[in-house]
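**Q** Task: produce atomic coordinates for the following.
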Amino acid sequence: MLRHSLQVWRVHRHAERVVSPVVSEAIRCFITKSSRRSKSIKARSVLHAAVTHAGGGPSTSGRTAEHSAAAVPLATEGEDTIASMVTGGSRSGAVDIIRVSGSEAVQVAQRVFWPQGRFRFSWRPQSQRIYFGTAVDGEGRVVDEVLLLAMLTPRSYTREDVIELHTHGGGVCAQRVLRACIEAGARPARPGEFTLRAFLNGRMDLSQAENVLQLVNARTSTAADSALAGLAGGLGQLVSELRGDLLEILAELEARLDFDDDLPPMDVPALVEDITVLQRDIEAALRTSRQGNLLRQGLQVAIVGRPNVGKSSLMNSWTGTSRAIVTDIAGTTRDVLEAGLTVAGVPITLLDTAGIRSSSDTVEKLGVERSTAAAAAADIVLMVVDAAAGWTDEDGEIFDALWGRQGPGSSSCKVKGPALLVANKTDLAGNKQLQLPLLAKETFQAVVQTSALTRDGLPKLDAALLKLAGAPQLAGGGVSWSVNERQAEALVRAHEALGAVGESVQAGMPLDCWTIDLRAALLALGEVSGEGVGE
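**A** I've put the predicted structure just below:
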């Protein structure tokens, strides 16, 4: 809209004609307002009037509403009609679903579906209707009783004609119906192709399409909530607003390159403040990256310590299971045991390791080696000590074996991730205070008192774990959308480009140099939402 208004202005300028007062008001509006965000609302309404006054008519750029989308040619028009099973295909499921999408979806449905109680040759499905009937193969043999759901363009997931056939579960019926659809003219869909078509046809932006995959792969309800928030357009909406603000700044600078003598002096401090605000918004989005990684990938936490300090008891109590065998005999655990739990929506894999000590037993030696390897590979290491016994020489030997005599960062340190110290068996320690060597105090980011027997201290252990993982806000709930690695990389480039704009302003560089970095930031933001991506 803004570009169109500026083009109208340039045409009048070069033709030496009088510029429309409405267009002039639009230009003054977006230049003189102090707040770029509040300015946008008024400027866009004035610019809309300017374009209409100039004979340009209403803008048709951007995504259209669904009721008018049918008039817009689809990006996938002319592509193959695709079909695939969109349920898991589990043999234990009662229902499977076959989805057909494309310009020939209705014709495929007419070939494979016989509606009950209707004359088959004149039948055509109506949109948003469900039909009961039978699915047949190319020779007319019935292969299953099915429900057919019709979602015709543009009111469908892909904005193409979409037909869904709900078959009996178990896998066999669905495969037979899918084979009939392929014989009727569809081809097998590639992985993610339905969502790709939804993106190409403007049904969703790229960040929303990525959240579809995150929702399908969510391991916890919190991860699903985060993906749903992104699917609702959380990140895409933010990026759209940032791009709109950047376009306004860029349009102002480009207008000044041609018409600086005709415009009021530029408020450079306000421009720098606008860029700073944009950078802060990007930084806020980047802070969600760690949260997103945790929700998608989870944490691997190794529990280490000397024998019989309650490592296995702690894991059993923490997970609410009896995954590990617990006895009074030291060295009961000989291998690395895994157990899963969820803390504030973060999937966590606990690794209960063998007690680390010198031993002549071959099996126990192998267990100790695996314990050391698990600690080295874990995201977080929990070292468990006996709160009643305090820090012992054996604990010191384990510390030296894992973190080295010089501590984290030294060449002898095997542990790469952060560490917590858990003082277990507080029910037996009474009021005894745990005394730690100085190097241990500097190594462990926190000390948590727990009792595996009474479950005391486990909530504090949860909170300490989340804080150490870099996402303490998850403990409070209310998770919103988050950025993934690809989006974060693009946002970092946009932030750096905006920083370069500020440096150019401070250095007194010409306006052309400012616009180069602004365009780079605009392109980087476009990669987040898919506005500026190629194949």
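**Q** all contacts plus neighbour counts: C-alpha atoms, from now on.
**A** Noted.
**Q** what about the helices in the stretch 51-200 of the chain?
**A** Ranges of helices in the stretch 51-200 of the chain, per DSSP state H, counting those that start in this stretch, are 66-69, 105-112, 172-183, 193-200.
**Q** Out of the ones you listed, the one nearest residue 371 is which?
**A** helix 193-200 (43.1 Å; C-alpha to C-alpha).
**Q** closest one to residue 155 among the helices of the stretch 51-200 of the chain?
**A** Comparing those by their distance to residue 155 (C-alpha to C-alpha), the top pick is helix 66-69, with 6.9 Å.
**Q** as a whole number, average confidence for that closest one?
**A** Mean per-residue pLDDT for helix 66-69: 46.
**Q** hmm, back to that, compare the helices of the stretch 51-200 of the chain and say which comes out lowest on pLDDT.
**A** helix 66-69 (a mean of 46).
**Q** The longest strand that the chain contains - which strands sit beside it in the sheet, and in what orientation?
**A** Of all segments of type strand in the chain, defined using DSSP state E, the longest is strand 142-151. Strand 142-151 pairs in its sheet with strand 129-136 (antiparallel), strand 162-168 (antiparallel), by DSSP bridges.
**Q** what about dumping the CA coordinates of it to PDB?
**A** Taking Å, rounded to 0.1, in the frame of the first residue of the first chain, the C-alpha atoms of strand 142-151 are listed here in PDB:
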ATOM      1  CA  VAL A 142     -16.400 -53.200  -2.500                       C
ATOM      2  CA  VAL A 143     -13.300 -52.800  -0.300                       C
ATOM      3  CA  ASP A 144     -14.800 -51.100   2.800                       C
ATOM      4  CA  GLU A 145     -17.700 -49.200   4.200                       C
ATOM      5  CA  VAL A 146     -16.500 -45.600   4.700                       C
ATOM      6  CA  LEU A 147     -17.500 -42.100   5.600                       C
ATOM      7  CA  LEU A 148     -16.600 -39.400   3.100                       C
ATOM      8  CA  LEU A 149     -16.000 -35.800   4.300                       C
ATOM      9  CA  ALA A 150     -15.900 -33.200   1.600                       C
ATOM     10  CA  MET A 151     -14.000 -29.800   2.100                       C
END
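**Q** Give me the next element, helix or strand, following the lengthiest helix in the chain.
**A** Secondary structure assigned by DSSP state H gives helix 234-259 as the longest helix of the chain. The helix or strand immediately downstream of helix 234-259 is helix 268-286, counting by DSSP states H and E.
**Q** how far out from the middle of the chain is that next one?
**A** Remark: helix 268-286 is offset 23 Å from the chain centroid, using C-alpha atoms, centre = their mean, to the nearest Å.
**Q** again, but for stretch 175-192
**A** The chain centroid and the centroid of stretch 175-192 are separated by 30 Å, computed with C-alpha atoms, centre = their mean.
**Q** what do you get for stretch 380-396?
**A** 38 Å.
**Q** Can you give me every residue that contacts residue 217?
**A** residue 296 (C-alpha atoms under 8 Å, 6 or more residues apart in numbering).
**Q** Can you give me the distance of it to residue 293?
**A** Here residue 217 is placed at a distance of 13 Å from residue 293 (C-alpha to C-alpha, to the nearest Å).
**Q** which residues do those two both contact?
**A** Between them, residue 217 and residue 293 share no contacting residue under C-alpha under 8 Å, 6+ apart.
**Q** isn't residue 169 right next to residue 98, touching?
**A** No - here residue 169 does not reach residue 98: they are 11.2 Å apart, not a contact under C-alpha atoms under 8 Å.
**Q** Tell me how many other residues surround the closest residue to residue 75 other than its chain neighbours.
**A** Using C-alpha to C-alpha, 6 or more residues apart in numbering and skipping residues adjacent in sequence, the residue nearest residue 75 is residue 201, 5.4 Å away. Around residue 201 there are 23 other residues, counting by other C-alpha atoms under 10 Å.
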